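Visitor: Could you work out the structure for the sequence below:
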Amino acid sequence: MGEFQDNPSKKIIRTKWCKPLIKFIHEHLRYKFIYMGLPGIQALDLCEWIDYIDHVIAFQCRDYPNPSSTSQPRKRVDELENKLRELERTRKLVSFSVYDGYIEEVVLRGRDTNGNSFGQNDVVTIYNLDFCNGITSPLEVMDDKGNVQKYYKSQAIRKLLEMQRDIASSSRTKKFIMFLTINSRFWDKEADDFVTTAESRVLEDYFSKVNKLKNPEKKVRLLKSYVFETIRGYFTHCDFTPEFLPVINYKGTGGEWLLHFVIIGALSRGISGAPRIQKAEDFLSQSFLGIKNGIIFPFKFTNSTFPETDGGIDAVEIFCNSHCYKNVWLDQGGRK
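Guide: Numbering: from 1, shown residues only. Take a look at the predicted model:
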């Protein structure tokens with residue numbers, strides 16, 4: 001998990017899409033960030049953004065995709081710890097912790113493979129959830145009684161948002177950014193189930209258009225709508241208003257389509273959860289973004305008949321023009 005081989009597209013996302021947004025939010029909040037996620041043993045994303053980060057909470061499994069076991073070599077965990085220790089030694093980090101195991105297992109069980117308790121004591125500013133497989137693919141784990149338990153990444157995301165909401169006291173405001181990368185390959189049956197159970201009129205209209213498409217376009221558009229509908233629900237249930245930026249659609253090193261989501265959240269309590277400011281139809285009609293020759297551009301599948309709008313290619317500009325930024329992130333005095 002978190003072990004994607006670096007490729008040109010991933011580097012462009014890291015440097016030209018994510019980093020300017022992190023820099024902008026850093027200038028807005030005026031403090032360094034807490035990072036939580038899956039940096040991988042080379043910690044490429046983390047090293048690229050290190051100027052804006054001072055604390056790291058990382059997860060690293062031993063032997064992907066096999067279930068965690070203390071009998072497996074700790075080589076990958078040790079490599080990541082050594083990398084972060086060097087950043088701490090050179091004073092680029094104030095502190096770090098590495099949890100041994102898959103993120104969904106550690107978060108939902110409350111402990112890692114070595115039995116170390118998992119917890120969160122302060123507000124996380126950057127979630128970097130770079131999943132190797134699908135968000136709907138369960139991790140099967142044998143519990144202490146010998147029963148097989150299924151842990152889902154989507155459940156872990158919800159749990160992390162609940163923990164973020166419940167932080168009682170912090171000098172950091174509850175505003176944050178979540179990077180979420182998902183493989184579209186693991187999702188055929190779940191896509192069918194999602195279409196048949198959707199109750200929203202907006203989604204029904206969307207599905208009527210998407211079902212006329214061919215794969216892979218059909219598959220990635222359904223995945224896009226699933227993530228939006230599911231994760232938006234988790235955010236608002238936990239009192240965070242989310243803003244989804246246009247989705248980057250690119251091919252991984254194995255040739256599969258990967259979707260990179262950026263979700264920017266802020267605490268915004270309402271009577272029954274946070275308000276949903278971003279309209280579903282606006283997000284779903286946005287064109288994907290693609291990467292070619294080092295450039296981010298509005299991506300369109302060959303022979304696509306799907307009606308879509310251009311959402312822009314500058315992450316900071318897109319966010320600043322959003323209703324979420326204007327109505328939640330800014331107060332009448334300018335900055336919060």
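Visitor: how about the helices in the stretch 101-250 of the chain?
Guide: 103-109, 153-165, 188-197, 201-210, 217-237 (DSSP state H, counting those that start in this stretch).
Visitor: Please name the nearest non-neighbouring residue to residue 175.
Guide: residue 266 (4.5 Å; C-beta to C-beta, 6 or more residues apart in numbering). The way it works is simple: take the backbone N, C-alpha and C, and place the C-beta from them, glycine included.
Visitor: what's the burial count for the one you found?
Guide: 21 (other C-beta atoms under 10 Å).
Visitor: quick revisit: out of the helices of the stretch 101-250 of the chain, which is the most enclosed?
Guide: helix 103-109 (a mean of 23; mean count of other C-beta atoms under 10 Å).
Visitor: Give me the contact list for it.
Guide: Contact with helix 103-109 is made by 1, 37-38, 59, 68, 99-100, 112, 118, 129, 139, 141, 151-153, 155-156, 159-160, as judged by C-beta atoms under 8 Å, 6 or more residues apart in numbering.
Visitor: Mind checking which of those are buried?
Guide: Among the contacts of helix 103-109, the ones that count as buried by 16 or more other C-beta atoms under 10 Å are 1, 37-38, 59, 68, 99-100, 112, 118, 129, 139, 141, 151-153, 156, 159-160.
Visitor: Shouldn't the residue nearest to residue 175 be within a strand?
Guide: Yes. Per DSSP: H, G, I helix; E, B strand; the rest coil, residue 266 lies within a strand segment.
Visitor: so what's it bridging to?
Guide: Residue 266 has these beta-bridge partners by DSSP bridges: residue 175, residue 241.
Visitor: coming back round to it: which ones among the buried ones among the contacts of helix 103-109 map onto strands?
Guide: Among these, DSSP state E puts 37, 59, 99, 100, 129, 139, 141, 151 in strands.
Visitor: how about the residues you listed, which pair is most distant?
Guide: 37 and 141 (20.2 Å; C-beta to C-beta).
Visitor: just checking, residue 24 touches residue 318?
Guide: No. Between residue 24 and residue 318 there is no contact under C-beta atoms under 8 Å: 11.1 Å.
Visitor: before we move on, back to that, which of the ones in strands among the buried ones among the contacts of helix 103-109 has the weakest pLDDT?
Guide: Least confident entry in those, by pLDDT: residue 141, with 80.
Visitor: In this structure it contacts residue 113, no?
Guide: No. In terms of C-beta under 8 Å, residue 141 does not count as a neighbour of residue 113; the distance is 10.1 Å.
Visitor: tell me how far the ends of stretch 300-311 are from each other?
Guide: For stretch 300-311, the separation between the terminal residues is 13 Å (C-alpha to C-alpha, to the nearest Å).
Visitor: Buried ones in it, by neighbour count?
Guide: 301, 306, 311.
Visitor: Narrow those to those in helices?
Guide: Using DSSP state H, no member of the buried residues of stretch 300-311 falls in helices.
Visitor: which one of these sits closest to residue 295?
Guide: Closest to residue 295, out of all of the buried residues of stretch 300-311 and judged by C-beta to C-beta, is residue 311, at 16.1 Å.
Visitor: from the chain's centre, how far out does stretch 220-232 sit?
Guide: Counting by C-alpha atoms, centre = their mean, to the nearest Å, stretch 220-232 is centred 12 Å from the centre of its parent chain.
Visitor: Please state the mean pLDDT value computed over that stretch.
Guide: Mean per-residue pLDDT for stretch 220-232: 93.
Visitor: ok, and what's touching it?
Guide: For stretch 220-232, the surrounding residues in contact (C-beta under 8 Å, 6+ apart) are 135-136, 154, 157, 180, 182, 184, 187, 190-191, 194-195, 198, 200, 203, 206-207, 210, 213, 242, 244, 247, 249, 257, 259, 261, 263, 276, 278, 280, 283-284, 288, 306.
Visitor: rewinding a little: lowest-confidence stretch among the helices of the stretch 101-250 of the chain?
Guide: Ranked on mean pLDDT, the bottom entry among the helices of the stretch 101-250 of the chain is helix 188-197, at a mean of 72.
Visitor: which secondary structure elements does it contact?
Guide: helix 217-237 (3 or more C-beta pairs under 8 Å, 6 or more residues apart in numbering; DSSP states H and E).
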